[in-house]
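> predicted model and sequence follow; I will ask about them next.
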Amino acid sequence: MSDQISAIQLLIQSLDLVGTAAFAITGALKAIEHKSDIVGIIILATITGVAGGVLRDITFGTFPPLAISNPLYAATTISAGVAMFFLYRVIQKHWNLLLKFDAIGLGVFTVIGSTFAYQIVGLNFLAMAFAGLITAVGGGILRDVFVKEMPIVFVKELYATASFAGIVLFFCLLSVGLDLYSAAVPSIVSVTLLRLLAMKYGWNLPRPKI
Amino acid sequence: MSDQISAIQLLIQSLDLVGTAAFAITGALKAIEHKSDIVGIIILATITGVAGGVLRDITFGTFPPLAISNPLYAATTISAGVAMFFLYRVIQKHWNLLLKFDAIGLGVFTVIGSTFAYQIVGLNFLAMAFAGLITAVGGGILRDVFVKEMPIVFVKELYATASFAGIVLFFCLLSVGLDLYSAAVPSIVSVTLLRLLAMKYGWNLPRPKI
Amino acid sequence: MSDQISAIQLLIQSLDLVGTAAFAITGALKAIEHKSDIVGIIILATITGVAGGVLRDITFGTFPPLAISNPLYAATTISAGVAMFFLYRVIQKHWNLLLKFDAIGLGVFTVIGSTFAYQIVGLNFLAMAFAGLITAVGGGILRDVFVKEMPIVFVKELYATASFAGIVLFFCLLSVGLDLYSAAVPSIVSVTLLRLLAMKYGWNLPRPKI
């Protein structure tokens, strides 16, 4: 049982880095499209990849943020930035694949963020929703703001929505007594799946007529 | 006397929520104008309504921020977002009324922010000015940045200025020995009145000729 | 020896204020170009001058931030804003001179930021790089975002790069056993010089072809 938890823990940590890399690559892409140089690319890749987690850590008073105390995150985002610099055309060809990794990142970041709040303040929906959403969409919002675009989370197919739905599910599963890992796995899968389906079928939430 | 203070305290708390709702509605409006879906509308409403207070709490090291520990704020901003989604046309017709509530919010947020710093670091003008201004204009700045507009506080009729004037008055009243509530009420009224008059008569501060 | 350290300390503190003033003036200029009134000019000058340090202090859990506890910073940025309001045309004529002070600010902010992390978490490259970069470029990023421009650090001649190079040098000098002040001086000089040369000769890092 403890072995199984370790395996799940390792899987989530690996997926966390996969998500960080995918987020970082979207940041690097935006930087390249806006004619950044290599350092600008690496900085925007890093901001996109880690800013959500950093904002979450700061909001809940955890210092220094995980992305600063654990060098794996910066190593991942810097590698992603450098890779995009050299392999821009190649990676661009596989953009649909990247969006799948981005959807995995969205799921993992959501649940890691909610878990973070859960471990600090317990089973509190508001805190878990804030922490989950900030972690999942904070980096993407900053990325879009820095290149003068309307943040995708305000306009695109079930991006924040998928994250939010996952938080609700995660909260319910914990409420009915599931342990952290048994609740985490289906929640991550739901977010990722919902986002993938929304992209595939162009699902969008209603907008008011103006 | 203690009853009177309770009454004032309750009044300020109510006005705080009125201000939060008014701010949130301006955020929801911007989101709608930029074709956000319902989740984007709720998120931008929430950011506009609570980000000023969250930034203040973070800047002064209070964790978790009030807007996360007290669910009334999120309940208010989410309701405001949903209301705007369904009642966009109706609310838009009463925009002048909304701007009055917004002016009340500006006054209450200013004094609540300054009081927050006063209770942490005492009668320190710099800290009170930072906390008051961040609380009052932080949410609006983020709202405007997220929809790619020049923040209103940098360009519009005595917005930050009204807030700042209220902080100066609040500081002076506390300096001459008034208690917190006796100083708060006239300061809130001054900010709100100054902003309302500036809107009504189109008052603007001088701009350099360029 | 202790006298010499005091002299260097005083020099760095003075240069810190020179840099704060230069940064603030660039913020005031952007505000003026975007038709801000006097209060908007002062606010953007202050944000540009102190936000880097405030973000650094918040990220590492130091409350309240130095710019709030030490009134010299706000006094400097407010003076810079007022000076620009009245002397816009005069200062604009000496813009090349101002960019030199800005380069000094870049160097000083970089090393002060890195030193800050060094004193909290010791000789840790990642933490020193984060703190140095946030301090040096955080204010400029916010300034550009608030006036809806692509942040200069993502696109311009060795701006973040000069800062980063200085952090690497600073880290190496500390690693080989130099004391803080002996390491600080050449690091500051390197950043400033690299930035000045990059401006003079139009050096830019490579960009990917798209």
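Cool, got the structure. As the structure is a prediction and not an experimental result, all values here were calculated from the model.

> show me what the helix or strand bottoming out on mean pLDDT in chain A packs onto, helices and strands only.
Every helix and strand of chain A was ranked by mean pLDDT, DSSP states H and E. The lowest is helix A:152-155, at a mean of 82. On a contact count with 3 or more C-beta pairs under 8 Å, 6 or more residues apart in numbering or on different chains; DSSP states H and E, helix A:152-155 meets helix A:125-146, helix A:159-175, helix B:38-59. For the C-beta atoms, the positions are set from N, CA and C on the backbone; glycine is no exception.

> what residues of that helix count as buried?
Buried residues in helix A:152-155, counted by 16 or more other C-beta atoms under 10 Å in any protein chain shown: A:152-155.

> deepest-packed of the helices and strands packed on helix A:152-155, please.
Compared across these, helix B:38-59 shows the largest average neighbour count, a mean of 26 (mean count of other C-beta atoms under 10 Å in any protein chain shown).

> leaving out the residues flanking it, which one is nearest to the closest residue to chain B within chain A?
Chain B sits closest to A:Gly61 of chain A, with a gap of 3.1 Å, by C-beta to the nearest C-beta. Spatial nearest neighbour of A:Gly61, excluding adjacent residues (C-beta to C-beta, 6 or more residues apart in numbering or on different chains): B:Phe63 at 3.1 Å.

> count of neighbours near that neighbour?
18 (other C-beta atoms under 10 Å in any protein chain shown).

> who's in contact with it?
B:Phe63 sits next to A:59-61, B:57 when contact means C-beta atoms under 8 Å, 6 or more residues apart in numbering or on different chains.

> and of those, the nearest to A:Ile8?
Nearest to A:Ile8 among those, counting by C-beta to C-beta, is A:Phe60 at 23.5 Å.

> torsion angles phi and psi at the residue nearest to A:Gly61?
phi -130, psi 140 (degrees, to the nearest 10).

> how close does it sit to C:Gly61?
Distance of B:Phe63 to C:Gly61, computed by C-beta to C-beta, to the nearest Å: 10 Å.

> now do A:Phe154
31 Å.

> got it, and A:Ser114?
Using C-beta to C-beta, A:Ser114 is found at 23 Å from C:Gly61.

> these two - which one has more neighbours?
A direct count of neighbours by other C-beta under 10 Å for A:Ser114 and C:Gly61 places A:Ser114 higher, at 30 against 16.

> dump the residue contacts of that one.
Contacts here follow C-beta under 8 Å, 6+ apart; on that basis A:Ser114 touches A:128-129, A:131-132, A:167, A:170-171, A:187.

> tell me the two of these that are most distant?
Checking the contacts of A:Ser114 with C-beta to C-beta, the most distant pair is A:Ala131 and A:Ser187, at 13.6 Å.

> so which residues on chain A come close to chain C?
A:31-41, A:43-44, A:54, A:58, A:61, A:63-65, A:68-69, A:71, A:74, A:84-86, A:88, A:145-148 (C-beta under 8 Å from any C-beta of the partner chain).

> for chain A, what are the low-confidence residue spans?
For chain A, the stretches with pLDDT under 70 are A:1.

> rerun that using 80 as the cut-off
Applying pLDDT under 80 to chain A picks out residues A:1-2, A:5, A:155-157, A:209-210.

> now the lengthiest helix in chain A against helix A:38-59, angle please.
In chain A, ranked by residue count with DSSP state H as the criterion, the top helix is helix A:2-33. If you take axes from the mean of the first three to the mean of the last three C-alpha atoms, to 10 degrees, helix A:2-33 sits at 130 degrees to helix A:38-59.

> am I right that A:Pro151 is in contact with A:Tyr159?
No - A:Pro151 lies out of contact with A:Tyr159 (C-beta atoms under 8 Å); the separation is 9.2 Å.

> dump the residue contacts of A:Leu106.
A:Leu106 touches A:19, A:136, A:159, A:162-163, A:191-192, A:195, counting by C-beta under 8 Å, 6+ apart.

> same question for A:Gly177.
By C-beta under 8 Å, 6+ apart, A:Gly177 lies in contact with nothing.

> tell me the SS of it?
coil (DSSP: H, G, I helix; E, B strand; the rest coil).

> re earlier: so is the longest helix of chain A next to chain B?
No - Helix A:2-33 lies out of reach of chain B by C-beta under 8 Å from any C-beta, never closer than 14.4 Å.

> output the contacting helices and strands for that helix.
Helix A:2-33 packs on helix A:38-59, helix A:71-93, helix A:95-121, helix A:125-146, helix A:180-201, going by 3+ C-beta pairs under 8 Å, 6+ apart.

> would you mind saying which of these lies nearest C:Leu10?
helix A:38-59 (32.3 Å).

> what is the orientation angle of the closest one with helix A:71-93?
Interaxial angle of helix A:38-59 relative to helix A:71-93 (the same axes, to 10 degrees): 130 degrees.

> buried sites along the longest helix of chain A?
A:12, A:15-32.

> is chain B within reach of stretch A:119-126?
Yes - Stretch A:119-126 comes into contact with chain B (C-beta under 8 Å from any C-beta), by way of A:120-121, A:126.

> may I see the buried residues of that stretch?
Buried-residue list, stretch A:119-126, by 16+ other C-beta under 10 Å: A:120-121, A:124-126.

> most widely separated two among those residues?
Taking C-beta to C-beta, no two of these sit farther apart than A:Ile120 and A:Phe125, at 14.0 Å.

> quick one: A:Gly132 and A:Ser163 touch, right?
Yes - between A:Gly132 and A:Ser163 there is a contact under C-beta under 8 Å: 6.4 Å.

> quick check: neighbours shared by the two?
What both A:Gly132 and A:Ser163 touch, as defined by C-beta under 8 Å, 6+ apart, is the set A:109-110.

> thinking again about what came up before, export the contacts of B:Phe63 to a markdown table and tack on distance to A:Ser6?
Putting these into a markdown table (distance: C-beta to C-beta, whole Å) gives the following:
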| residue | distance to A:Ser6 |
| --- | --- |
| A:Thr59 | 29 |
| A:Phe60 | 26 |
| A:Gly61 | 29 |
| B:Asp57 | 37 |
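
> check contacts around A:Phe164.
Counting by C-beta under 8 Å, 6+ apart, A:Phe164 touches A:129, A:132-133, B:39.

> the same query, at a cut-off of 6 Å, please.
Contacts for A:Phe164 (C-beta atoms under 6 Å, 6 or more residues apart in numbering or on different chains) come out as none.

> with A:His94 instead?
Contacts of A:His94 (C-beta under 6 Å, 6+ apart): none.

> ok, 10 Å please
A:87, A:100-101 (C-beta atoms under 10 Å, 6 or more residues apart in numbering or on different chains).

> correct me if wrong: A:Asn165 contacts A:Ser187.
Check again: residue A:165 is Ala, not Asn. Yes - contact criterion C-beta atoms under 10 Å: A:Ala165 and A:Ser187 qualify, at 9.1 Å.

> got any residues that touch both of those two?
Shared contacts of A:Ala165 and A:Ser187, counting by C-beta under 10 Å, 6+ apart, come down to A:Thr110.

> with adjacent residues omitted, what lies nearest to A:Ile42?
A:Gly81 (3.7 Å).

> is it true that A:Val90 touches A:Leu98?
No - contact criterion C-beta under 10 Å: A:Val90 and A:Leu98 do not qualify, at 11.2 Å.

> who has more neighbours out of these two?
Neighbours per residue (other C-beta under 10 Å) separate A:Val90 from A:Leu98, with A:Leu98 holding more: 16 against 10.

> pretty sure the more buried one is touching A:Gln92, no?
Yes - if you go by C-beta under 10 Å, A:Leu98 and A:Gln92 touch, sitting 8.8 Å apart.

> quick check: A:Val189 touching A:Gly107?
Yes - between A:Val189 and A:Gly107 there is a contact under C-beta under 10 Å: 6.9 Å.

> now chain A against chain C: closest residue?
Nearest residue of chain A to chain C, counting by C-beta to the nearest C-beta: A:Phe63, 3.1 Å away.

> could you check how far that residue is from A:Pro71?
From A:Phe63 to A:Pro71 the distance is 17 Å (C-beta to C-beta).

> one more: A:Lys93?
To A:Pro71, A:Lys93 is 31 Å away according to C-beta to C-beta.
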